[in-house]
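# Pasted the sequence and its predicted model underneath.
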Amino acid sequence: MLVRGLAIAALLAGAARAEDPLSAIDWLTESILQPPNFVMSPPNQSGQMAGKQISSLPLGMVSRDAVGILPPKITGFPAALWGDLTTPEIISLLQRVGRHALPEAAALEKQVLLAQSNPPRDNSADSPLLLARIDRLFAMGALDEAETLIQLAGVSEPQIFRRWFDISLIGQRTGAPCAALAAQPPLSNDVATRVICLARSGDWNAAALTASLAESLGEISTEETDLLVRFLDPDMFGDMPEPAPPEPLTPIDFILRESLALPRPEAPLPLPYLNIDMDLRTPARQRIIAAERLVRESAVPSSLLFLAYRGVRAASSGGAWGRAALVQALDSELVGEDDAALANAITDAMIAFADVGLLYAFASEYADSLAQTPPGPETGQIAPRVRRLLLLANRPLGHWEGPGPDDPPNVALAIKLAKRESFGGVSPFRDPVFDAIHNAFSNFTPARAALPTMMQEIDKGNFGPVLFRALDLLSEGQSADPQDLHEGLYLLRQLGLDDSARRAAIQLLLIEPEPA
C-alpha cells in the first residue's frame, strides 16, 4: 500500500522520468488496422430452400441485430434465417455451440455469425443478438470479424464500446476507441478503460488520480488498483512480489499484465488472447505456436501460419521448429528439379501436419502449387496423397486425376463425392463413417427420433435451428456416432447446403493421421 501511494504521489507531483513512459508500454502504440481476414467456405451455389428464400435487406432500414458482413446471395442462407425464434432462443443456440472438429462446420458457424438476416420479431434497441454474435466471434478468436461487425453496427452505446475496446486492446490499436471515448465520455464509466486511455494520451497524472479516486470511492478493488498503478509506474514495484493472475482473466487484466511482463496463467490462454502473439515482435516460436492453435480452431487464415513458418530460422528440430523446417524444405523442392526429393518433402510434411491436426491448413496452403505441378516418376507414386490434399482444399484434380488402383478407400470415396458420382444403392463399405456418408448421399432417411421435428422446422422456415442441429451432430468429426454423422449430413442437404455437406463429408474421410 505504501509503495502504491508513493507511486501515485510521484505521478501526481509530475515527477521527472529518465525515459519516455510510453516506451514501457509499446503494446499501446497505434498500429495500422489491417483489413479483416475471413475463414469460410465458398458460397453455396445450389440448394432448394436456400435458393427460394433469399431476399435483400437495406441495412439502413433494419435493426442492428440484422447487421452482417455477408448478404444472403453470398451465404446461400435465407434472409429469414431464424424463422419464428425469439431472441433468447437464438442466443441460447449460439451459447451452446462447442468446438468443431471439421473446418467446414466451423466455416458454416462463422458464416451464420456474419450473415445479414432479418432481425428476430422481438428485437430491441439494445441489440442483444448482435452482442451475442460479437461475443461468440470473440470467444472463437476471430477478432477481425468481430470488430468489423462492431464497425458496421456503429459504436453508440456502452455495451458495444466495451467490446470494441477489448478487441482493440488485444489488437494493439487503442487510438480509435480512446478518441471516441474522449469525444463521448458516456460510452464508458469503466475505470481501467479511462486510465489506459488517459495514459495513452500522455496524461499520467490524470490517470493516477482516476485510479486513486476510484479506489477510495469503492469503484474498483485494491487488486485492480495495484495493477493499474504498476502499469502507470512499474519501476516503483521492482522489488514487490508479482500478483497472481485473476480469475477470470479479463482482456484489460491480460494486456496490463503483458505490458508489465508478468507471468501468464499456467492453463492455455483463451483463444482471443493468442492474437497478441501474432505480432511480429513476438519471439518466433511463440508466434508459430499461437498461429497453429488459432488456425486449428479456424480463427485466422492458414496463410498467416505459413508466413510465420517461412519467416524463421529453425533453432532446433522437432515440434514447431520442425514443421517450419519442413515447410521451407517443401518450398525449396517445389521450385527444384529433384522429383524424388519433392516426393519425400510432400510425404514428410503431410505426416507431420496430420499428426498435429493441421492437415487441412497444409492442404489449403499447397493445393494450388501442387495442382500446377505435373506428377513425375517419383511424385506419381504418391499421387493418392496429392489427390487427398487437392480434395481437402476443394481444388480440381487436374494433372492428378484419379482414382488410381492404389487409392485407399477414403480417397476413392472422396473423389466420388467431389465429382458428384453415385454410390449405387448398396453400401460396399465396412467402415461406419463410410456407411454414414454413403447413406446421407444416397438419400437414405436417418432413423432418428428427432428427425421429424427437424423436418417440421424446415417446413416452418426455421433454417438457423436446423443448421445448428446439423453442426452439433457433426462437431466431433470422425469420433462422432455414425448415426449422428448420417443425420448431420442429411440435414445439411435438406437445407439446400449440398456443397457444404460434400465438403464436410470429404473432411470426415480425409482429415486423419497420415500413415507413415
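Here it is on my side, so go on.
# Can you classify the residue lying closest to Asp339 once chain neighbours are set aside as helix, strand or coil?
The shortest distance from Asp339 to any non-neighbouring residue, by C-beta to C-beta, 6 or more residues apart in numbering, is to Gly376 (3.7 Å). C-betas here are computed from N, CA, C, even on glycine. With DSSP: H, G, I helix; E, B strand; the rest coil as the basis, the three-state label of Gly376 is coil.
# any idea of the pLDDT on Gly376?
Per-residue pLDDT puts Gly376 at 92.
# Give me the number of neighbouring residues for it.
Neighbour count of Gly376, defined by other C-beta atoms under 10 Å: 14.
# What of the one 5 residues further on?
Other residues within reach of Gln381, judged by other C-beta under 10 Å, total 15.
# Contact partners for it?
Contacts for Gln381 (C-beta atoms under 8 Å, 6 or more residues apart in numbering) come out as Ala343.
# follow-up on the earlier one: help me confirm that the residue nearest to Asp339 comes into contact with Asp338.
No - using C-beta atoms under 8 Å, Gly376 is not in contact with Asp338, being 9.6 Å away.
# Check which helices and strands the strand or helix carrying Asp472 is in contact with.
In this assignment (DSSP states H and E), Asp472 forms part of helix 463-474. Contact partners of helix 463-474 among helices and strands, from 3 or more C-beta pairs under 8 Å, 6 or more residues apart in numbering; DSSP states H and E: helix 87-96, helix 103-114, helix 451-459, helix 482-494.
# Take those helices and lay them out in CSV including distance to Pro272, mean neighbour count and mean pLDDT.
Listed next are the helices and strands packed on helix 463-474 as CSV, based on distance: least, C-beta to C-beta, whole Å; neighbours: other C-beta atoms under 10 Å; pLDDT from 0 to 100:
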stretch, distance to Pro272, mean neighbour count, mean pLDDT
helix 87-96, 16, 16, 93
helix 103-114, 14, 24, 96
helix 451-459, 32, 14, 92
helix 482-494, 28, 23, 96
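# Any chance of TSV for those helices, columns distance to Ser216?
TSV is the format used below for these (distance: least, C-beta to C-beta, whole Å):
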stretch	distance to Ser216
helix 87-96	38
helix 103-114	42
helix 451-459	56
helix 482-494	57
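# so how far is stretch 465-473 off the chain centroid?
Between the centre of stretch 465-473 and the centre of its chain there are 19 Å (C-alpha atoms, centre = their mean, to the nearest Å).
# Make 54 the starting number, not 1.
Fine by me, first position is 54 from now on; the one you just mentioned is stretch 518-526.
# outside of it, which residues touch it?
Against stretch 518-526 from outside (C-beta under 8 Å, 6+ apart): 130, 135-136, 138, 146, 149-151, 153, 158, 161-162, 165, 503, 507, 510-511, 533, 537-538, 540-542, 544-545, 547-548, 550.
# likewise stretch 438-454?
Against stretch 438-454 from outside (C-beta under 8 Å, 6+ apart): 94-95, 399-400, 403, 412-413, 415-417, 419-421, 423-428, 432, 436, 455-456, 460, 464, 467-468, 471, 556, 559-560, 563-564, 567.
# at 6 Å what do you get?
Stretch 438-454 has contacts (C-beta atoms under 6 Å, 6 or more residues apart in numbering) with 403, 413, 416-417, 420, 423-424, 427, 436, 455, 464, 467, 471, 559, 563.
# ok, Tyr543 - contacts?
Ala493, Pro499.
# Just want the phi and psi numbers for Leu123.
phi -110, psi 120 (degrees, to the nearest 10).
# Test my guess that it contacts Ser170.
No - using C-beta atoms under 6 Å, Leu123 makes no contact with Ser170, being 9.7 Å away.
# between those two, which one's more packed in?
It is Ser170, of Leu123 and Ser170, that has more neighbours when counted by other C-beta under 10 Å, with 26 against 20.
# mind checking pLDDT for the more buried one?
pLDDT, Ser170: 94.
# tally of neighbours for Pro427?
Neighbours of Pro427 under the rule other C-beta under 10 Å: 10.
# Phi, psi for the closest residue in space to it that isn't next to it in sequence please.
Spatially, and ignoring its direct neighbours in sequence, Pro427 is nearest to His452 (4.4 Å; C-beta to C-beta, 6+ apart). According to degrees, to the nearest 10, the main-chain angles of His452 amount to phi -60, psi -20.
# next one: stretch 339-349 to chain centre, how far?
11 Å.
# Show me what counts as buried in that stretch.
Neighbour-count burial for stretch 339-349, with 16 or more other C-beta atoms under 10 Å as criterion, is recorded at Arg340, Ile341, Ile342, Ala343, Ala344, Glu345, Arg346, Leu347, Val348, Arg349.
# same check, this time on stretch 401-415
401-407, 410-415.
# Export those residues as JSON lines, with columns for distance to Ala199, secondary structure and pLDDT.
Output for these, formatted as JSON lines (distance: C-beta to C-beta, whole Å; DSSP: H, G, I helix; E, B strand; the rest coil; pLDDT from 0 to 100):
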{"residue": "Asp401", "distance to Ala199": "37", "secondary structure": "helix", "pLDDT": "97"}
{"residue": "Ala402", "distance to Ala199": "32", "secondary structure": "helix", "pLDDT": "97"}
{"residue": "Met403", "distance to Ala199": "33", "secondary structure": "helix", "pLDDT": "96"}
{"residue": "Ile404", "distance to Ala199": "35", "secondary structure": "helix", "pLDDT": "95"}
{"residue": "Ala405", "distance to Ala199": "32", "secondary structure": "helix", "pLDDT": "96"}
{"residue": "Phe406", "distance to Ala199": "28", "secondary structure": "helix", "pLDDT": "96"}
{"residue": "Ala407", "distance to Ala199": "30", "secondary structure": "helix", "pLDDT": "95"}
{"residue": "Gly410", "distance to Ala199": "24", "secondary structure": "coil", "pLDDT": "94"}
{"residue": "Leu411", "distance to Ala199": "24", "secondary structure": "coil", "pLDDT": "96"}
{"residue": "Leu412", "distance to Ala199": "27", "secondary structure": "helix", "pLDDT": "97"}
{"residue": "Tyr413", "distance to Ala199": "23", "secondary structure": "helix", "pLDDT": "97"}
{"residue": "Ala414", "distance to Ala199": "21", "secondary structure": "helix", "pLDDT": "97"}
{"residue": "Phe415", "distance to Ala199": "27", "secondary structure": "helix", "pLDDT": "98"}
